[in-house]
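Trainee: Have a look at this prediction, sequence included:
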Amino acid sequence: MSEMQLLSRLYAREVKPTTRMALCAAGLVYALFAAGCFRLAVEHGYERGISIGEGSFVLVGAAAFFVAASRSKWQAAAVAVGTLPLVGWFVATPWNSGAPFLVASLIAPCIAVGILTRNSLIRTRRT
């Protein structure tokens, strides 16, 4: 293979700028939410464990969005795997945040699973 073919394969899977910006913005929102959770852990000792747990799962989601922004091949899978633990957290602690946070935490993984499903159907139809 020539050097040009290798370079074209390398950049063929580059993340589109608009997609990258949206994923980075979502990652930033998750990171700010995680910072808020950790701030609560510092300020309110009576809910320290809950705040640290929630903040940790939110931080995993933020990392997933940043990974998705850098790797086009893993976008949907990274978002789904990285944000599902937060959904599990809200299911396990309904007394903490309530239904609005559970519903909000379901948005990203549902979109990612939809994209994964669509991509697999497209691949199936091609073969």
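Mentor: Perfect, thanks for sending it. Numbers count the residues shown, from 1 in each chain.

Trainee: Below-threshold pLDDT in this structure: ranges please.
Mentor: Applying pLDDT under 70 to the chain picks out residues 1-13, 127.

Trainee: separation between residue 106 and residue 19?
Mentor: To residue 19, residue 106 is 21 Å away according to Cβ to Cβ, to the nearest Å. C-betas here are computed from N, CA, C, even on glycine.

Trainee: Between these two, point out the one with more neighbours.
Mentor: Ranked by neighbour count (other Cβ atoms under 10 Å), residue 106 and residue 19 place residue 106 first, with 16 against 13.

Trainee: quick one, what contacts that one?
Mentor: residue 87 (Cβ atoms under 8 Å, 6 or more residues apart in numbering).

Trainee: cool, residue 121 as well?
Mentor: So residue 121 contacts nothing (Cβ under 8 Å, 6+ apart).

Trainee: Work out for me the element it sits within.
Mentor: Per DSSP states H and E: residue 121 is located in helix 99-126.

Trainee: Helices of the protein, start to end?
Mentor: 3-12, 17-43, 48-70, 75-92, 94-97, 99-126 (DSSP state H).

Trainee: Tell me which other helices or strands the second one touches.
Mentor: Just to be clear, that refers to helix 17-43. helix 48-70, helix 75-92 (3 or more Cβ pairs under 8 Å, 6 or more residues apart in numbering; DSSP states H and E).

Trainee: Chain neighbours aside, what residue packs nearest to the spatially most central residue of the chain?
Mentor: Centroid-nearest residue in the chain: residue 79, 3.5 Å away (criterion: Cα atoms, centre = their mean). Spatially, and ignoring its direct neighbours in sequence, residue 79 is nearest to residue 112 (4.0 Å; Cβ to Cβ, 6 or more residues apart in numbering).
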